[in-house]
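K.L.:
From the sequence below, what's the structure:
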Amino acid sequence: MLGLTWSAIDLEAGTLRVVASLQLIAGELVSVEPKTDRDRRTVALPPATVALLRRHRADQARRRLVMGEAWPTGEIVCDRGDGHPMNPTTLSRVFARIAAAAGVSGTRFHDLRHAYATTLLAANVHPKVVSDALGHSSAAFTMDTYQHLLPSLSHTAAAAIEAALGEHLG
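P.N.:
Predicted coordinates for the structure are as follows:
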C-alpha cells in the first residue's frame, strides 16, 4: 500500500494495479518491484474506497499547492502529509494505536489482509477471485491458508446441495 502511486489507480474503472511496494532497506525507503508476475495484479476497488480515494487526492492536491516547490516530485498516494512516503514502521505504530483504541490490541496492519480474505470467502466470493486479489500462487493455496477459519463453508456446501437436490434426497 505504501508504494502505491496515483498512476497505478484508475478511479474511473475502480481499480488499482499492484506494481511496487515500499520497503525500508538499510535505513532508506526504496520502491521495489513485485517479486513475481502473480504479485503484479489489478484489484477491483469498492465504490466507497473509490470515493475515499477521490477525496484523498483532492486533499493531497490542496496540500501540494500550499507546499509549492517543497512538495516532492513523486506521486505517492499514502504520503506522510508532506508528499514524502510514509515509513512502514510509522504506519505500524499508528495502526497499533488505532487498533488499541478500537479494542483490538495486538492486531497488526498486515492482519487486515487476512480479514479481507476471510470476509470475501465468508461472503462466498469464489476462491480464485480472492486468490487473484491477494496475489497468491493458486486458489488452492488461498483455501489451504484460510479454510480452517471458515468452518461454516462446509455447512454452506451442505445447504447448497440440499437446495439443489432436496426433494430427490428423501
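
K.L.:
buried stuff in the lengthiest helix in the chain?
P.N.:
Longest helix in the chain, counting residues (DSSP state H): helix 47-67. Across helix 47-67, burial judged by 16 or more other CB atoms under 10 Å covers Val50, Leu53, Gln60. Every C-beta, even on glycine, is put in place using the N, C-alpha and C of the backbone.

K.L.:
what helices or strands is the helix or strand just after it leaning on?
P.N.:
Using DSSP states H and E, the next helix or strand after helix 47-67 towards the C-terminus is helix 88-101. When contacts are defined as 3 or more CB pairs under 8 Å, 6 or more residues apart in numbering; DSSP states H and E, helix 88-101 sits against strand 21-25.

K.L.:
The strand it packs on - what's its average pLDDT?
P.N.:
For strand 21-25, mean pLDDT is 89.

K.L.:
Of all the residues in that strand, which ones are buried?
P.N.:
Neighbour count says strand 21-25 has Ser21, Leu22 buried, by 16+ other CB under 10 Å.

K.L.:
Over to stretch 130-148?
P.N.:
By neighbour count with 16+ other CB under 10 Å, stretch 130-148 contains the buried residues Val130, Ser131, Asp132, Ala133, Leu134, Gly135, His136, Thr142, Met143, Thr145, Tyr146.
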